[in-house]
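Asker: sharing a sequence plus its predicted fold:
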Amino acid sequence: MPENIVVKPSQVIERILTLELVRVTERAAVAASRLRGRGQEKAADQAAVDAMRRELNTLPIDGTVVIGEGERDEAPMLFIGERVGTGSGPRVDIAVDPLEGTTLCAKDMPGSIAVMAMAEGGTLLAAPDVYMDKIAIGPGYPKGVVDLDRTPEENVRALAAAKGVAPNEITVLVMDRPRHVELIAKLRALGCPIRLITDGDIMGVIYTTMPGESGVDMYLGIGAAPEGVIAAGALRCIGGQMQGRLILDTPEKRERARTMGVADPDKKYELQELARGDVVVAATGVTDGPLLHGVRFKGETIETETLVWRSSTGTVRRIAAEHREMGKFHLER
């Protein structure tokens, strides 16, 4: 590139965050998929982490992991505060979940993915590794139609009215956890169909953006905060709505959040506060699921499928890839 041409960070990010970002999640997905159905959750997770770190460190970026594992010394995982990339490009925030749904992968169940988000530096909420109370819906509804401070019943009725259907036609996705027993009971009292998932918090939110394919209208409940920020990045790209509130129920968690810049521990975050600026999210299927098929090994080729969302253009790209240069995957073998 000629020295007299100045390229804005977002322009550089655009070049990186298409095929380059996809390449990162593809490699992580392929690495994890070699352990599908083997009951080895930690090994599959580690394989995805190692592959993702290798690829990230080849990118011409000055990246900082703001969503990942907790801060650690010599952590084997991609941890909060870790620097990635060659250091020669734009400053960017990185949010990763190298293998969402480790149990799903270990049991070869639907919905496991390799996912990451990249945004211009300082634009992703630096969320501590705590829980977050969340509500999310897809695009096409009036602003504020749902709100985290309302009851589940009020939110379902409001969304049903906006959609022009009865409340018992709204499908709500909820993590199948003991903490959601009361929430599930309230939704069932309304007659709502409930999609219970054991894992896959990020994809659970993303499902709301494609109700025609997923059958999900709303996400409700408590899940991981880091995954909430990544999901918010994807939702930003399509125009959905989401709110989240960190659950900081101990002095230690509140202090940890304070050191990461959270001034108000009770703050209700809007979608734009969770992920702002130009955000790109890529997710590659590890196991087959409602929106993505998993990695497929076919003799001399490996097939992957990836969804890529970009907020500045509002685009969603579905990339089906056939990898024929098997040597490029030798480290994942």
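Answerer: Yep, that arrived.

Asker: quick one: strands adjacent to the helix or strand where Ile222 lies?
Answerer: Assigned by DSSP states H and E, Ile222 belongs to strand 218-224. Using DSSP bridges, the strands paired with strand 218-224 are strand 131-137 (antiparallel), strand 172-175 (parallel).

Asker: could those strands go into JSON lines alongside mean pLDDT?
Answerer: Shown next, in JSON lines, are the strands paired with strand 218-224 (pLDDT from 0 to 100):
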{"stretch": "strand 131-137", "mean pLDDT": "97"}
{"stretch": "strand 172-175", "mean pLDDT": "98"}
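
Asker: contact partners of the strand holding Ile222?
Answerer: Residues from elsewhere that reach strand 218-224 (C-beta atoms under 8 Å, 6 or more residues apart in numbering): 129-137, 146, 152, 155-156, 159, 170-175, 177, 179-180, 183, 187, 201, 204-205, 207-208, 247. C-betas here are computed from N, CA, C, even on glycine.

Asker: returning to that earlier point: of all the strands paired with strand 218-224, which one is nearest Gly289?
Answerer: strand 172-175 (13.1 Å; C-beta to C-beta).

Asker: average pLDDT for the next helix-or-strand element following that closest one, rounded please.
Answerer: Using DSSP H and E, the helix or strand that directly follows strand 172-175 along the chain is helix 181-189. Averaging pLDDT along helix 181-189 yields 98.

Asker: any chance of the strands paired with strand 218-224 in CSV, plus mean neighbour count and distance to His293?
Answerer: CSV is the format used below for the strands paired with strand 218-224 (neighbours: other C-beta atoms under 10 Å; distance: least, C-beta to C-beta, whole Å):
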stretch, mean neighbour count, distance to His293
strand 131-137, 24, 24
strand 172-175, 24, 20
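
Asker: out of those strands, which comes closest to Leu274?
Answerer: It's strand 131-137; of the strands paired with strand 218-224, that one is closest to Leu274 (C-beta to C-beta) at 9.2 Å.

Asker: outside of that closest one, which residues touch it?
Answerer: Here strand 131-137 has contacts from 145-148, 155, 159, 205, 208, 217-225, 228, 231, 235, 240-247, using C-beta under 8 Å, 6+ apart.

Asker: how far off centre is the strand or helix carrying Ala31?
Answerer: Element membership for Ala31 (DSSP H and E) is helix 19-33. Computed by C-alpha atoms, centre = their mean, to the nearest Å, the separation of helix 19-33 from the middle of its chain amounts to 14 Å.

Asker: give me the three-state assignment for Asp45.
Answerer: At Asp45 the chain is in helix, as set by DSSP: H, G, I helix; E, B strand; the rest coil.

Asker: from Ser112, how far out is it?
Answerer: Using C-beta to C-beta, to the nearest Å, Asp45 is found at 11 Å from Ser112.
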